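S.K.: Sequence first, predicted model second:
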Amino acid sequence: MIDVFSKTFLGLTVSCARCHDHKFDAISQADYYALSGFLKSSGFRLVRFETIDHNREVASRLAESRQQARRKLYAAIRGEIAAGLANLPAYLLSARDVIAAGSPDDAAAQVAAANARKLDVQRLKRVIAHLLVAEKNDVDPLHAWARLCRVPGNPDAKAVAAVLDPMRKTWAARRAAAGSALAKSRVLVDFTRLEGRRWRQDGSSFRTGPVEPGDFVMTENPAQPFGQVFTRGGAAWDRAFSGLAVAAGSENENGKLSGWVRAGRTIRTPTFQMKTGRLWHLVAGGGHAFASVNSHRLLHGPLHGRTVAAWDAGDKRPRWIHQDLSRLAGHQAHIEFSSRGDNPLQLFMVVESDRQPGDPFAGDAVGALASRFDAKQAGTLPAAAAASARLLKTAADWSRNPTPNDAADQAVVLDWLVRHLPLMVANPAASEMKLSIAARGLLAREKRLVGEVRRASRLAMAMWDGSAVNQKLFVRGNPKQRGKAVPRRMLQALGGKPVKVTSPGSGRLSLAAELVLGGRNPLVARVMANRIWHHLFGRGLVPTVDNFGVQGQAPSHPELLDWLADRFRRNRWSIKTMIRQLVLSRTYRMSSRPSAEAVAADPVNVWLHSMRVRRLQGEAIRDAMLSVSGRLDTAYLGKSVPVYLSPHMIGRGRPKSGPMDGNGRRTIYIGVRRNFLSSMMLAFDTPQPFSTVGRRTKSNVPAQALILMNDPFVVGQAGLWAKRLLALEKLDTGGRISAMYRQAFGRPPSDDERGAAVGFLVEQGRRYGLTDKQGPGDPRPWSDLCHVMFNAKEFIFIN
């Protein structure tokens, strides 16, 4: 990748400096690793390029809508329960009277208890029914009071303490266990604290940032709009982006990752250094995890299989997932998470530990209880009833102005509160109606925004910005002998200074700005202008298009190259504008037939006294054959066609052979496999696909003539061309020959050429045993003539 980057944009062979300073150019080994840091800080992804920007904008509006929903719906809840919270202690005391008397189901006792304190009977019944359930649930906010309800008579402070003290010890033990759960663990990633540029996802499936305690998922029922209430922050899968599909014509990832659809559905952690490699992911729901170690991604066979982990949804409670990468200890890595299908997934943290950590959330459900039911606030029965109400009111007030200190404790109680609205109001139906009125518009807006999500898209390979990482210098190129980290920067010879990165990203944008803005870099515009000139004129002003260094050749027209580079910049780096300017020039329109005087003065044609004779590339020759034969499929895009494999093309990993003519597709759509390249393309100097090649080899070897004479594809296309010509029934033999020349060479034949062609047809017809009358209508002589045309120099050279 360094080789491709440096040759493409700088015209320099920076990759030569991987193990030592460059032997010829002013490129140090540190320069190589400075550029390598940009790649180390980036990753690979398949991006949904057709929808990603649109869906990101929808996600932003969804985030705003959900914040508004949080404010309005919690305000509606607070309005409905305000009066109910004020008189809740009375209901709790009356419920205790009924339960302590041993008659919780006695209707008469319930009515008497309600009348004694002038309470609503139906609400009291609901409170009593819930207390009987809460007694068995030790994390219910009313559990402590439910236990006190079983104490007979009128208990004094000592009797209250006898019930609450053991519970207080249990609560304290749970909170202590939660506090020490990660004591022997090294927290690598905490998703609750990843914000801004450190929040890196592919797509928008994990919202625009971490969810916060108290955020919720809305249901489709406006009367009961609260679905899941998040009691802990973290990365949460957004159901609004479920059903994402890959459009036809796209390829998924290879290897062990091919079974997952990760594009647009993945979030990654910052890069970290593993010490032991024993990783634990705290998650809720089902998902997948892929550990990219030292940027390695391609997984085939048994090697590195542990970098991939998958788990089912389970009971949806937070749990630890183990990923053992101990064999890769000491290396840098980041984790990429994606949901399993469209199942909910929440990510909390990634830690490194020799054994499974404890539950850091074990104290959430009892934290609020412990803070309200201490001996001072709940020493007597009335005080305990008031403490229970105060516990709920504090959570309701917190929803107005949430603070991070006790967010998890308050969110747990708030979750309970929105699900037990009937315990707080006398008329649940009326309250639900008011809540429905508040929620209806919010739900409609969310539904409308979710409907705007574009779910199907084609995929394309793209970079994925990651953490800012400076690559350490490998002494003599040995990764086991690491020197100091080299700050990311441009080459020192080009004024490279450490990139000023204000965000925790890779800094690639700053590198790009240094390359093209302000004219500070003298090479990029010259290298690109020279490439365009090379492709149009057959030879660059600098013949070594990939090497502007000491080993490269000097420009033949340095002033012209400078002028073109300057004009290229002024035209906003427009390749189309430069091509138009060059092909409309007098130089481009010159004949390729030089005068004797010009050849004597400039035999190599360095000074462009005439246009250079250029042979077509192998791809263009093949496409031209398909075009004249009528077989060419001009459709754009689509999957590549496997290359045709002759019986002689054997070897390990031999793929399935494609059709001989590639289904008529242009050569650019023929698949490329390094070990099984098209024999025709290789004969015509198609480069080996291992690295960038700015200038192809130009050869004129016997293999090319043999391909044009004997290749079954060439013979087959000649036959199709002959049938196409014979289908022109209104034309005689001379007319068909004229049509053949126009199709192949873009010009009519001369009289001599027409006569030679007619004579060839007659002679070939006699060889096939045809009479002079039969010959013009038989496809065999015409096929041979078409084959001859393919072998003409004019067919494969630009004159």
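M.R.: Here it is on my side, so go on. Numbers count the residues shown, from 1 in each chain.
S.K.: quick one: least confident helix or strand in the protein?
M.R.: Across the helices and strands of the chain, mean pLDDT, DSSP states H and E gives its lowest value to helix 364-372, namely a mean of 76.
S.K.: Just name whatever secondary elements it is in contact with.
M.R.: helix 157-179, helix 381-398, helix 407-419 (3 or more C-beta pairs under 8 Å, 6 or more residues apart in numbering; DSSP states H and E). In this view, the C-beta of every residue, glycine as well, is placed from N, C-alpha and C.
S.K.: can you give me the mean pLDDT across the second one?
M.R.: Okay, so that is helix 381-398. Across helix 381-398, pLDDT averages out at 92.
S.K.: residues in contact with it?
M.R.: With C-beta atoms under 8 Å, 6 or more residues apart in numbering as the contact definition, helix 381-398 has outside contacts at 74, 77-78, 81, 85-86, 88-89, 92-93, 96, 141-142, 144-145, 148, 154-155, 160, 164, 214, 368-369, 372-373, 377-378, 406-407, 410-411, 413-414, 417, 424.
S.K.: Pick the most buried one from the helices and strands packed on helix 364-372.
M.R.: Neighbour counts (mean count of other C-beta atoms under 10 Å) averaged over each of the helices and strands packed on helix 364-372 peak at helix 407-419, with a mean of 23.
S.K.: ok, then the element right after it?
M.R.: helix 428-451 (DSSP states H and E).
S.K.: Tell me the buried residues within the contacts of helix 381-398.
M.R.: Buried by 16 or more other C-beta atoms under 10 Å: 74, 77-78, 81, 85, 88-89, 92-93, 96, 141-142, 144-145, 148, 155, 160, 164, 214, 368-369, 372-373, 378, 406-407, 410-411, 413-414, 417, 424, out of those.
S.K.: residues near Ile668, how many?
M.R.: Neighbour count for Ile668, taken as other C-beta atoms under 10 Å: 9.
S.K.: Now do the SS call for the closest residue to Pro712 other than its chain neighbours.
M.R.: Of all residues not flanking Pro712 in the chain, Met660 sits nearest, at 6.1 Å (C-beta to C-beta, 6 or more residues apart in numbering). Of the three states, Met660 takes coil according to DSSP: H, G, I helix; E, B strand; the rest coil.
S.K.: give the contact list for Met660.
M.R.: With the criterion set at C-beta under 8 Å, 6+ apart, Met660 makes contact with Tyr644, Pro712, Phe713, Gly716.
S.K.: quick one: which of those residues sit in helices?
M.R.: Pro712, Phe713, Gly716 (DSSP state H).
S.K.: you'd agree the last one is up against Pro659?
M.R.: What that stands for is Gly716. No - using C-beta atoms under 8 Å as the test, Gly716 is too far from Pro659 to be in contact (10.6 Å).
S.K.: Ser250 falls within a helix, correct?
M.R.: No - checked against three-state DSSP, Ser250 lies outside a helix; its state is coil.
S.K.: Now do the phi/psi pair for the nearest residue to it once chain neighbours are set aside.
M.R.: Nearest residue to Ser250 in three dimensions, chain neighbours excluded: Leu459, at 4.1 Å (C-beta to C-beta, 6+ apart). In terms of degrees, to the nearest 10, the main-chain angles of Leu459 are phi -120, psi 150.
S.K.: And Phe337, by the same measure?
M.R.: Main-chain torsions, Phe337, degrees, to the nearest 10: phi -110, psi 140.
S.K.: What does the pLDDT read for it?
M.R.: 96.
S.K.: Compute the number of surrounding residues for it.
M.R.: By the criterion of other C-beta under 10 Å, Phe337 has 25 neighbours.
S.K.: just Gln581 next, same as before
M.R.: Around Gln581 sit 16 other residues, with neighbours defined as other C-beta under 10 Å.
S.K.: Got the phi and psi for it?
M.R.: According to degrees, to the nearest 10, Gln581 has phi -60, psi -40.
S.K.: tell me the SS of Ser258?
M.R.: Secondary structure, three-state DSSP: Ser258 is helix.
S.K.: if I look at the residue lying closest to it once chain neighbours are set aside, how far off is Lys376?
M.R.: Once flanking residues are discounted, Ser258 sits nearest to Asn252: 5.4 Å by C-beta to C-beta, 6+ apart. Separation of Asn252 from Lys376 (C-beta to C-beta, to the nearest Å) stands at 62 Å.
S.K.: Arg278 too?
M.R.: Distance from Arg278 to Lys376, by C-beta to C-beta: 45 Å.
S.K.: Between those two, which is the more surrounded one?
M.R.: Higher neighbour count among Arg278 and Lys376: Arg278, with 20 against 7, using other C-beta under 10 Å.
S.K.: Distance from the least confident helix or strand of the chain to the middle of the chain?
M.R.: Averaging C-alpha positions (C-alpha atoms, centre = their mean, to the nearest Å) puts helix 364-372 41 Å from its chain's average.
S.K.: Could you do stretch 149-167 as well?
M.R.: Chain-centre distance of stretch 149-167: 59 Å, with C-alpha atoms, centre = their mean.
S.K.: Just grab the bridge partners of Leu282 for me.
M.R.: Beta-bridge partners recorded for Leu282 (DSSP bridges): Trp320, Met349.
S.K.: Looks like it contacts Val351 (just checking).
M.R.: Yes - under the criterion of C-beta under 8 Å, Leu282 makes contact with Val351 at 7.4 Å.
S.K.: joint contacts of these two?
M.R.: With C-beta under 8 Å, 6+ apart, Leu282 and Val351 have common neighbours Pro357.
S.K.: neighbour-wise, which of these two wins?
M.R.: A direct count of neighbours by other C-beta under 10 Å for Leu282 and Val351 places Leu282 higher, at 26 against 23.
S.K.: how close does that one sit to Leu182?
M.R.: For Leu282 relative to Leu182 (C-beta to C-beta), the value is 10 Å.
S.K.: Between these two, which contacts overlap?
M.R.: Once C-beta under 8 Å, 6+ apart is applied, the residues that Leu282 and Leu182 both contact turn out to be Val351, Pro357, Pro360.
S.K.: what helix or strand is the last one on?
M.R.: Using DSSP H and E, Pro360 falls within no helix or strand.
S.K.: got the contact list for the nearest residue to it once chain neighbours are set aside?
M.R.: What sits nearest to Pro360 in space, not counting adjacent residues and going by C-beta to C-beta, 6+ apart, is Ala181, at 4.3 Å. Applying C-beta under 8 Å, 6+ apart to Ala181 gives the contacts Pro357, Gly358, Asp359, Pro360, Ala362.
S.K.: Fine, thanks again, bye for now.
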